[in-house]
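In: The sequence and its predicted three-dimensional model are supplied below.
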Amino acid sequence: FLLEGGRDDVKFMVISSDVIYPAGAMKDYEPNFYLPFKGFRKPIYAIPGNHDWFGGLDAFNANFLEPDAARAAIRIRIADWDQALTASAGYRADSLVDEAIRLRREYRMSTGYQHGPFFEIHAPGFSLIAVDTGILKKIDARQREWLEAALERSKGTTTMAILGHPLFAGGADQWRTNPDFDSIRQLMVKYEVPIV
């Protein structure tokens, strides 16, 4: 991928799910993300997988979201999940984001452009829509509203959707036994997305 990434027609990379094993911890980013991708000089975007979610997305957010968005997401997560919005929440958010900034600079990596774990990129004739399907292969109401609007905006382009889980895996259609995942698939069908 480093050789391919050097081509002029390659503009960015998207990592589709499970950026870090085993549990998305910040301590694992340097050996498992920055070192292997060292030398890739173009923007890198990502959608989290279930392993990234095991860490509450804190390290993922610090490394891939724009720094202010990352700080806000980490603080909100601590307030919602831990029920403890304290000075330590701000300190934890700042320390994770500062570490991600340090790693980006040290390895000269281009991340930190996203505003959330799901996003869209549009170019003339092409749209990329990246969907965070969490741990349970589903999206919440807010992401669904965004997804439908993003699919509307992609009309008239060749559209590629990247999901946090594959529609087909292990010899089976993953959406057949999961109504939430099937509702995402149905949106892809409704908007005639050719590449999922």
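Out: Nice, thanks for sending it over.

In: Find the residue at the geometric middle of the chain.
Out: Centroid-nearest residue in the chain, with C-alpha atoms, centre = their mean: Ile47, separated by 1.9 Å.

In: For that one, give the beta-bridge partners.
Out: As for beta bridges, Ile47 partners with Ser16 under DSSP bridges.

In: ok, it - contacts?
Out: Counting by C-beta atoms under 8 Å, 6 or more residues apart in numbering, Ile47 touches 14-17, 117-119, 130-132, 162-164. Quick note: C-beta positions are derived from backbone N, CA and C, even for glycine.

In: Of the residues you listed, which count as buried by neighbour count?
Out: Buried members of the contacts of Ile47, counted by 16 or more other C-beta atoms under 10 Å: Ile15, Ser16, Ser17, Pro117, Phe118, Phe119, Ala130, Val131, Asp132, Ile162, Leu163, Gly164.

In: The last one and Leu136 touch, don't they?
Out: No. Using C-beta atoms under 8 Å, Gly164 is not in contact with Leu136, being 10.2 Å away.

In: quick revisit: give the single residue among the contacts of Ile47 positioned nearest to Glu106.
Out: Nearest to Glu106 among those: Ile15, at 19.3 Å, using C-beta to C-beta.

In: How many residues are close by the nearest residue to the closest one once chain neighbours are set aside?
Out: Excluding its sequence neighbours, the residue lying closest to Ile15 (C-beta to C-beta, 6 or more residues apart in numbering) is Ala46, at 4.0 Å. Ala46: 26 surrounding residues under other C-beta atoms under 10 Å.

In: what ranges do the helices span in the chain?
Out: Assigned by DSSP state H, the helices in the chain fall at 2-5, 29, 35-37, 50-53, 58-64, 67-82, 87-107, 141-153, 179-190.

In: Pro124: which of those helices is closest?
Out: Across the helices of the chain, Pro124 has its closest neighbour in helix 141-153 (13.4 Å, C-beta to C-beta).

In: got the CA positions of that closest one in PDB?
Out: Taking Å, rounded to 0.1, in the frame of the first residue of the first chain, the C-alpha atoms of helix 141-153 are listed here in PDB:
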ATOM      1  CA  ALA A 141     -31.300   7.700  14.600                       C
ATOM      2  CA  ARG A 142     -28.800  10.600  14.300                       C
ATOM      3  CA  GLN A 143     -26.500   8.600  12.000                       C
ATOM      4  CA  ARG A 144     -29.500   7.200  10.000                       C
ATOM      5  CA  GLU A 145     -30.700  10.800   9.400                       C
ATOM      6  CA  TRP A 146     -27.200  11.800   8.200                       C
ATOM      7  CA  LEU A 147     -26.900   8.600   6.100                       C
ATOM      8  CA  GLU A 148     -30.100   9.300   4.200                       C
ATOM      9  CA  ALA A 149     -29.100  12.900   3.600                       C
ATOM     10  CA  ALA A 150     -25.600  11.700   2.400                       C
ATOM     11  CA  LEU A 151     -27.100   9.200   0.100                       C
ATOM     12  CA  GLU A 152     -29.400  12.000  -1.300                       C
ATOM     13  CA  ARG A 153     -26.300  14.200  -1.800                       C
END
